[in-house]
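K.L.:
this one's sequence-less:
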């Protein structure tokens, strides 16, 4: 008989509780079950599981981050769908292309997470809207040199993530 890992014990002892906690937050049992699994996957993906004196507090902290990302993905998807609804029908991408674009947007959002808002905005104005440095500077009310620094910072984040 093999011994259980700390994560297995954590899962066995607290999965039901965590799912209930998430269900109360979300109001949806299916989403709660999905996010509970995502929480444990995040813990499994960590380099090492810390020794836990308060396992439920730890799970709550991790689950809050997973929940935050869930809401962020929903907001991003809603914004994308709103943008699609405003497009002329002949320019609306196919369902397959929509899924690819949405997945790419979510990956980009995750990649840029942690950068200051103005750096993200400069990057998105450059990459998605195709604005020049001068146009970005005018839009954000910053100097062209600051735009260059912002774009460099965002580009480095993307480069090192790959």
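P.N.:
Structure received. These figures come from a predicted structure and were not determined experimentally.
K.L.:
and the helix or strand of the chain with the lowest mean pLDDT, what does it pack onto?
P.N.:
Taking mean pLDDT, DSSP states H and E as the measure, helix 95-112 is the helix or strand of the chain with the lowest mean score, a mean of 88. Packing contacts for helix 95-112, counted by 3 or more Cβ pairs under 8 Å, 6 or more residues apart in numbering; DSSP states H and E, involve helix 55-86, helix 117-127, helix 144-161. Where you see a C-beta, it was placed from the backbone N, CA and C, and this is true even at glycine.
K.L.:
any chance of those in CSV, plus mean pLDDT and distance to residue 46?
P.N.:
Formatted as CSV, the helices and strands packed on helix 95-112 follow (pLDDT from 0 to 100; distance: least, Cβ to Cβ, whole Å):
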stretch, mean pLDDT, distance to residue 46
helix 55-86, 91, 9
helix 117-127, 92, 26
helix 144-161, 91, 18
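K.L.:
I'd like these laid out as TSV, including distance to residue 41 and mean neighbour count.
P.N.:
As requested, the helices and strands packed on helix 95-112 are exported to TSV (distance: least, Cβ to Cβ, whole Å; neighbours: other Cβ atoms under 10 Å):
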stretch	distance to residue 41	mean neighbour count
helix 55-86	9	14
helix 117-127	26	18
helix 144-161	20	15
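K.L.:
Kindly reformat these as TSV containing distance to residue 93.
P.N.:
Below are those laid out as TSV (distance: least, Cβ to Cβ, whole Å):
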stretch	distance to residue 93
helix 55-86	8
helix 117-127	18
helix 144-161	23
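K.L.:
And those helices: which comes nearest residue 31?
P.N.:
helix 55-86 (7.5 Å; Cβ to Cβ).
K.L.:
Give the burial count for the residue nearest to residue 121 when sequence neighbours are not counted, as a bare number.
P.N.:
Excluding the flanking residues, the one nearest residue 121 by Cβ to Cβ, 6 or more residues apart in numbering is residue 140, at 6.3 Å. Neighbour count of residue 140, defined by other Cβ atoms under 10 Å: 16.
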